[in-house]
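Colleague: What shape does this take:
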Amino acid sequence: WVSPTGNDFTGLATQNNPIRTIKYALEIIAPSDDNIISIHLDEGIYSPSENGEKFPINLISNVNLAGIGEELTILDAEQTNGLIYIKYCDNNTISDLSITGGNTYASGGIYLNNTNPGGGMYLLFSDPTLNNITISNNIADWGGGMFLEYSNPILNRVTISNNIGYNSGGGMYIFGSTPTLNKVTISNNTGYNGGGINLYYSNPTFNNITISNNTAYFEGGGMYIFDSNPILNNVTISNNSGYESGGIGLAYSTPIIINSIIWNNSPESIYLYSDDLPIITYSDIEGGWEDEGNINNDPLFTEPESNNYTLLPNSPCINTGNPYLWYADQDGSIADMGTTGGLHAIPNFTSHDYGEVGDIGSDKQFNLYNYRETSITINSINFGTTSFTTDTSFPVTIAPFETGIINIKANNITLGYVEDIMRIVSDELPEGISLSLTVEGVEGIVLNGNLAGSYSASTYRISGDLTIAEGDTVYLYEGTQFLFEEGVSF
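Modeller: The predicted structure is shown next:
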């Protein structure tokens with residue numbers, strides 16, 4: 001435990017007798033893959049003037065930082081340096097705190113390109129999870145709030161606001177990365193390119209994101225996307241401005257935009273710098289966009305001047321999103337467009353072809369990630385044929401920011417091609433929601449899908465991709481042969 005009122009000399013790092021600085025806490029611990037350590041941060045301001053905290057904080061692998069609330073636990077670098085650096089790290093979670101006052105801006109002297117990234121947070125080859133975080137009032141050349149470089153973090157319920165990226169990416173600069181952002185607000189940030197977000201060579205997934213009131217001095221008030229193919233699902237992009245491309249500036253990229261609203265950006269919604277076109281469906285685009293389900297109507301936000309982008313009861317964006325059940329709203333109705341719509345839960349697949357399955361059978365794990373504020377309980381699942389079963393025990397309860405796993409087993413009881421539906425029974429998911437499954441039952445020793453346990457010495461024909469789930473161990477006895485068909489991977 002750490003508290004701004006603790007003592008690095010006499011403290012015992014307990015809740016009743018905490019130490020004083022995060023820097024010292026990192027020096028005295030010995031985390032490992034089998035010993036992940038959480039540093040609990042008590043209420044207060046962690047800054048050079050309040051508790052002598054020195055920045056940046058260089059996080060190490062297998063360490064979590066856990067505050068007690070965004071309004072209560074505040075890390076403030078007081079413009080002395082960048083705030084949190086996570087480089088080449090594994091197994092990190094940061095939760096329930098605010099990050100502010102970071103400054104890595106290069107002023108005067110010799111300017112070196114890309115040497116001053118991430119005023120609030122800089123990630124390099126690291127994939128942390130951030131839950132309930134506010135990143136505000138930070139400054140950098142690149143990525144005022146955050147700079148991601150070859151990193152794939154998960155951000156849940158994060159606010160990135162009032163940051164400055166003097167070169168690019170006022171809120172975020174994402175380079176060579178594939179992060180997932182769930183229920184994130186990016187607002188009132190400023191950058192030369194990409195006032196809200198600047199994407200380069202990246203393919204992130206954005207779910208239930210609000211990008212509003214950001215400013216670019218040149219390209220991409222809300223977003224500037226270069227050679228990237230993000231997925232935007234239930235995203236609201238509004239009241240952003242740029243010299244060119246107020247909402248989205250798009251170059252050599254083909255983003256997929258579903259169930260989203262792009263409205264009231266200046267000078268326009270989407271500006272194309274190349275011949276590549278976004279794929280936009282079931283969305284409200286000011287100025288119009290021809291494709292399935294799109295509209296061009298005032299979305300009737302509740303109070304956009306106060307950053308309230310919920311929808312009024314008579315909004316044309318209510319119940320007009322994609323009717324597929326996996327896009328449905330939490331109440332089971334057809335999806336609303338914009339940030340408030342959708343299921344707030346992410347499946348790793350909604351259909352799966354097992355390919356050829358022989359005498360050994362084949363397993364595939366269905367994962368459902370929950371980023372709601374409440375739990376999801378799956379009471380049971382049902383199949384329509386005997387070709388599929390499960391060994392998972394029910395009910396499966398998925399807490400917020402957790403993943404529920406259901407193991408689906410395919411067999412060759414029926415030879416030949418079989419189609420089936422796995423229906424999911426849950427009071428928290430739409431009635432009738434399901435997965436589509438197919439298998440080709442064959443005779444012989446055939447392997448594909450998830451491996452687990454021991455495999456005796458034999459010759460196995462590998463008909464599809466093989467995976468081993470994290471934490472599992474597979475034993476192959478001496479003399480085992482895998483004969484891979486062309487195009488499969490292990």
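
Colleague: For the spatially most central residue of the chain, list the residues it contacts.
Modeller: Nearest to the geometric centre of the chain sits residue 180, at 1.9 Å (CA atoms, centre = their mean). By CB atoms under 8 Å, 6 or more residues apart in numbering, the contact list for residue 180 reads 152, 153, 154, 155, 204, 205, 207, 346. To be clear about C-beta, it is placed using only N, CA and C from the backbone, and glycine gets the same treatment.

Colleague: my guess is the last one meets residue 371, correct?
Modeller: Yes. A contact is recorded between residue 346 and residue 371 when judged using CB atoms under 8 Å, the distance being 7.3 Å.

Colleague: any common contacting residues for these two?
Modeller: When contacts are counted by CB under 8 Å, 6+ apart, residue 346 and residue 371 are jointly contacted by 182, 207.

Colleague: Counting neighbours, go ahead and name the busier of the two.
Modeller: For the pair residue 346 and residue 371, the greater number of neighbours falls to residue 371 (22 against 18), based on other CB atoms under 10 Å.

Colleague: Can you give me the neighbour number for the closest residue to residue 244 other than its chain neighbours?
Modeller: Of all residues not flanking residue 244 in the chain, residue 219 sits nearest, at 5.2 Å (CB to CB, 6 or more residues apart in numbering). A count of neighbours around residue 219, defined by other CB under 10 Å, yields 27.

Colleague: All the strands of the stretch 201-350 of the chain, residue numbers only.
Modeller: 205-212, 215-219, 223-226, 231-238, 241-244, 248-251, 256-258, 261-263, 270-272, 279-281, 284-285, 301-303, 308-311, 345-347 (DSSP state E, counting those that start in this stretch).

Colleague: Deepest-packed of those, please.
Modeller: strand 223-226 (a mean of 30; mean count of other CB atoms under 10 Å).

Colleague: Neighbouring strands - and their directions - for that strand?
Modeller: Its sheet considered, strand 223-226 pairs with strand 197-200 (parallel), strand 248-251 (parallel) by DSSP bridges.

Colleague: Quick one: those strands as a markdown table, columns for distance to residue 1 and mean pLDDT too.
Modeller: Listed next are those as a markdown table, based on distance: least, CB to CB, whole Å; pLDDT from 0 to 100:
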| stretch | distance to residue 1 | mean pLDDT |
| --- | --- | --- |
| strand 197-200 | 35 | 97 |
| strand 248-251 | 44 | 96 |
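
Colleague: so which of the ones you listed gets nearest residue 451?
Modeller: Each of the strands paired with strand 223-226 was scored for nearness to residue 451 using CB to CB, and the closest is strand 197-200 (35.7 Å).

Colleague: secondary structure class for the residue lying closest to residue 58 once chain neighbours are set aside?
Modeller: Among residues not flanking residue 58 along the chain, residue 85 sits closest, at 5.1 Å (CB to CB, 6+ apart). Using DSSP: H, G, I helix; E, B strand; the rest coil, the structure places residue 85 in strand.

Colleague: for the stretch 51-200 of the chain, which spans come out with low pLDDT?
Modeller: 106-115 (pLDDT under 70).

Colleague: repeat that for 80
Modeller: For the stretch 51-200 of the chain, the stretches with pLDDT under 80 are 106-116.

Colleague: which residues does the residue nearest to residue 58 contact?
Modeller: Going by CB under 8 Å, 6+ apart, residue 85 touches 56, 57, 58, 59, 118, 121, 122, 124.

Colleague: thought the third one was touching residue 89?
Modeller: No. Taking contacts as CB under 8 Å, residue 58 lies outside contact range of residue 89: 9.3 Å.

Colleague: Looking at those two now, which is surrounded by more residues?
Modeller: Per other CB under 10 Å, whichever of residue 58 and residue 89 has more neighbours is residue 89, with 20 against 14.

Colleague: hang on, the earlier thing: from residue 236, how far out is the residue nearest to the centre of the chain?
Modeller: According to CB to CB, to the nearest Å, residue 180 stands 18 Å off from residue 236.

Colleague: ditto for residue 129
Modeller: Per CB to CB, residue 129 is found 24 Å from residue 236.

Colleague: Same check on residue 247?
Modeller: 11 Å.

Colleague: Could you do residue 223 as well?
Modeller: 12 Å.

Colleague: What of residue 37?
Modeller: For residue 37 relative to residue 236 (CB to CB), the value is 38 Å.

Colleague: Please apply the same query to residue 122.
Modeller: Residue 122 is 27 Å from residue 236, by CB to CB.

Colleague: Likewise for residue 440?
Modeller: For residue 440, the distance to residue 236 - CB to CB - is 43 Å.

Colleague: repeat for residue 403
Modeller: Distance from residue 403 to residue 236, counting by CB to CB: 26 Å.
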